[in-house]
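Colleague: what's the 3D shape of this:
(2 chains)
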Amino acid sequence: MTENSAGPGVPEDGRGTPLVSLRGVNKHFGALHVLQDIDLDIAQGEVVVLIGPSGSGKSTLCRTINRLETIDSGTIEVDGRPLPAEGRELARLRAQVGMVFQSFNLFAHKTVLQNVVLAQVKVGRVPKAEAEKTARELLERVGVGAQADKFPAQLSGGQQQRVAIARALAMNPKVMLFDEPTSALDPEMVNEVLEVMRSLAARGMTMVVVTHEMGFARSAANRVLFMADGRIVEQNTPEAFFTAPRSDRAKDFLSKILHH
Amino acid sequence: MGILFEKDNFSLFVRGFVGTIELSALSALFALLLGIMLAAFRVSPVPVLRAFGTAWVTVFRNTPLTLLFFVVTFMLPRLDVHISSFTAAVAALSVYTGSFVCEVLRAGINTVPLGQAEAARSLGMGFGQTLGLVVLPQAGRAVIAPLGSVFIALPRNSAVAGAFNVFELFSVQKTWSEDSYPIFASFFWLALAYLAIGFSISSVLSLLERRMAVAR
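Modeller: Modelled structure (predicted):
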């Protein structure tokens, strides 16, 4: 993992080009206009948390950044280069954009270790011994080193998700996308995953996180984006957003999820 | 029942048996390769390949096998393509069986959760790697049983080749009929031979099925 000397940056400081940049992004699912004129810059080392009601387009937005979802119009740039069309170029870019899914999606026919080794060897052309060493280090780091030789189905949800994070990290990504990483977990396992994500953020990883974990947003995010009906309605520092939301949609949303 | 041990009937029977096995094994191999390729075409992101795969399956799965044998035996020479009867039979059987293998594989691919392919793609794997390293190995277990049906049907379908100048089990029956042996006895031995082949295939496949279990 490379140390980010600049520290978590905010985009407004104008230092260098943003790592991820979306301009005028639109997407439809049939009649549903799921992303509407999205503009977004994410700086190197920044942790951006996307929150909002379900169906607001936050997962879709997250998935457009590595083109798991195509867009109808607009541009998306990662590290200054526009997302390539389907093909070898896109595959190369995807290797640099880590993704963690709600349902883990570990390869069910491979052991935990093989899950972390596979893409390193087949995509990154890393020698097998070296890939295994990296894999064991990463598994150790996310606290599942002892499970290396088990199959995913033998692990708890929290363990599986931590393996999935290790698998994505093994490709040495420039940015990590988290699509509701704790939503499929039993409550007692949420924290072990969030802890791993917090430590990643602390090491300067650039992260886009779609989540319903407001505690994580408060403690780890540099910026909170609030989405509703396919638009970014409001964005601010977590402190400002949670204590004094400006828009009615955000106020309404927060009143429903905080203070039970 | 004793006809098998009269004159040189036994060696004739063995020759037919080996003929059927050779024909079936080669056709099975090519049908499997062809089926994998066609299934990959049918799930590929390239429209031309998808259309090709769909057209192949539509044409060859819906055409009587005997008609395909007529085509390779009588039409190819007219197009100045001269191949042996055995090669022609392998071609007809592979082309026909391959379309069935394709559809079985495609059904198996559809049993693998979409997230598996998405995870593979998000790690930078291309289409071929996603299919070959992640999706097909997991489709394996689901396809073993239906694939077994296809490959058990193959040796029985291969009997058509006996009518097109290839020596196999059906040719043995023809010879014995011409020699006026009782028809029940000759069919008894033939049925036993086909049963043995079919049973061997299904045993191998059920062994594979147990080996390829993937826990979810």
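Colleague: So what's the residue count around the residue in the stretch 151-260 of chain A that chain B sits nearest to?
Modeller: Proximity of the stretch 151-260 of chain A to chain B (CB to the nearest CB) peaks at A:Ala153, 3.9 Å away. For glycine as for every other residue, the C-beta is placed from the backbone atoms N, C-alpha and C. For A:Ala153, the neighbour count with other CB atoms under 10 Å in any protein chain shown is 11.
Colleague: now do A:Met197
Modeller: Using other CB under 10 Å: A:Met197 sits among 26 other residues.
Colleague: so where's the longest helix in chain A?
Modeller: Counting residues, the longest helix in chain A under DSSP state H turns out to be helix A:187-202.
Colleague: What lies in contact with that helix?
Modeller: A:8, A:47, A:142-143, A:156-158, A:161-162, A:165, A:169, A:176, A:178, A:181-182, A:185, A:207, A:209, A:213, A:215-216, A:219-220 (CB atoms under 8 Å, 6 or more residues apart in numbering or on different chains).
Colleague: Strands of chain A, start to end?
Modeller: Assigned by DSSP state E, chain A shows strands spanning A:20-29, A:32-42, A:47-51, A:73-78, A:81-82, A:97-100, A:175-179, A:206-210, A:223-228, A:231-236.
Colleague: Spit out the contact partners of the closest residue to A:Thr134 other than its chain neighbours.
Modeller: Leaving aside its chain neighbours, A:Thr134 sits nearest to A:Ala170 (5.8 Å; criterion: CB to CB, 6 or more residues apart in numbering or on different chains). Listed by CB under 8 Å, 6+ apart, the contact set of A:Ala170 reads A:116-117, A:119-120, A:131, A:134-135, A:138.
Colleague: got those residues as CSV, with pLDDT and neighbour count columns?
Modeller: Listed next are the contacts of A:Ala170 as CSV, based on pLDDT from 0 to 100; neighbours: other CB atoms under 10 Å in any protein chain shown:
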residue, pLDDT, neighbour count
A:Val116, 96, 31
A:Val117, 97, 25
A:Ala119, 95, 27
A:Gln120, 95, 23
A:Ala131, 96, 22
A:Thr134, 96, 20
A:Ala135, 96, 27
A:Leu138, 96, 21
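Colleague: quick one on the thing from earlier: could you dump the strands of chain A into TSV with mean neighbour count, mean pLDDT and distance to chain B added?
Modeller: Conversion of the strands of chain A to TSV gives the following (neighbours: other CB atoms under 10 Å in any protein chain shown; pLDDT from 0 to 100; distance: least, CB to the nearest CB, whole Å):
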stretch	mean neighbour count	mean pLDDT	distance to chain B
strand A:20-29	17	94	15
strand A:32-42	18	94	18
strand A:47-51	26	95	17
strand A:73-78	16	94	13
strand A:81-82	10	91	15
strand A:97-100	27	96	4
strand A:175-179	25	96	8
strand A:206-210	26	96	13
strand A:223-228	24	95	21
strand A:231-236	19	94	23
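Colleague: what about those strands, which gets the closest to B:Arg141?
Modeller: The closest of the strands of chain A to B:Arg141 is strand A:97-100. By CB to CB, the value is 26.6 Å.
Colleague: which strands and helices sit next to that closest one?
Modeller: helix A:157-169, strand A:175-179, helix B:114-122 (3 or more CB pairs under 8 Å, 6 or more residues apart in numbering or on different chains; DSSP states H and E).
Colleague: nearest spatial neighbour of residue 40, skipping sequence neighbours?
Modeller: This is for chain A. A:Leu22 (4.4 Å).
Colleague: Oops, wrong one, chain B.
Modeller: Distance criterion CB to CB, 6+ apart; nearest residue to B:Ala40, sequence neighbours excluded, is B:Leu131 at 5.9 Å.
Colleague: Which positions in the stretch 51-200 of chain A make contact with chain B?
Modeller: A:66, A:68, A:86-88, A:91-99, A:101, A:103, A:105-109, A:118-119, A:122-124, A:151, A:153-154, A:164, A:167-168, A:171 (CB under 8 Å from any CB of the partner chain).
Colleague: Now with 6 Å, please.
Modeller: For the stretch 51-200 of chain A, the residues in contact with chain B (CB under 6 Å from any CB of the partner chain) are A:66, A:68, A:86, A:91, A:94-95, A:99, A:101, A:103, A:105, A:107-109, A:119, A:122-123, A:151, A:153.
Colleague: and these, which are buried?
Modeller: By neighbour count, with 16 or more other CB atoms under 10 Å in any protein chain shown, these hold A:66, A:68, A:91, A:94-95, A:99, A:101, A:103, A:105, A:107-109, A:119, A:122-123, A:151 as buried.
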